[in-house]
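Mind folding the following:
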Amino acid sequence: MRLVWVVVCGFPMPLCNQPLFDRDGRHVGTPDIIDTEAGVVGEYEGPVHLDGKRRGRDLTREAAYRRLGLEYFAMVGADRSPGMTTIVPRMIEARQRARFEAESNRAWTVEPPAWWTPTTTVAARRALIGRQRERLLRYRAG
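Presented below is the predicted three-dimensional model:
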């Protein structure tokens, strides 16, 4: 997804798997990519995203991104075809619709609140212990 975003579409390098928060410090989600300049998030939705419960969580998160003023697009398996004729226009149109808001006017931020425990690097995940490790990494179990 990032390769298509940067190389094919010519957009700036997005952040990948960057936790996103509202201005009250609540974690909204961790999108696969986020273009902080434009305010666009992109998610890859593979086969596991078709399950009823998972699909429901995905739609709830998409709505939360949109409430914060972020533009959203999804990439699916069919988009990985040669020529990428379906995802490229979707990415371009999402960025064209984006707000490009000044950071001070955004309802969202990528700056974590003081309570946040980062798990974005292998070193950070290895440093977790006991219940903290169980709680923060439970999504990886299975």
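
Okay, strands next: where are they in this structure?
Along the chain, the segments classed as strands by DSSP state E run 15-16, 20-22, 27-29, 33-35, 40-45, 71-76, 108-109.

Could you check how far residue 44 is from residue 24?
As judged by C-beta to C-beta, to the nearest Å, residue 44 and residue 24 stand 28 Å apart. In short, each C-beta sits where N, CA and C put it, glycine included.

Which one's more surrounded, those two?
residue 44 (15 against 7; other C-beta atoms under 10 Å).

Surely the more buried one is in contact with residue 75?
Yes: under the criterion of C-beta atoms under 8 Å, residue 44 makes contact with residue 75 at 4.9 Å.

Could you list the low-pLDDT ranges of this protein?
Along the chain, the model assigns pLDDT under 70 to residues 46-51, 81-84, 139-142.

ok, residue 42 - contacts?
1, 5, 14, 31-34, 72-75, 91, 94 (C-beta atoms under 8 Å, 6 or more residues apart in numbering).

which one of the residues you listed is nearest residue 40?
Nearest to residue 40, judged by C-beta to C-beta, of the contacts of residue 42 is residue 94 at 5.3 Å.

In CSV: the strands of the chain, plus distance to residue 120.
Output for the strands of the chain, formatted as CSV (distance: least, C-beta to C-beta, whole Å):
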stretch, distance to residue 120
strand 15-16, 9
strand 20-22, 12
strand 27-29, 13
strand 33-35, 13
strand 40-45, 16
strand 71-76, 21
strand 108-109, 16
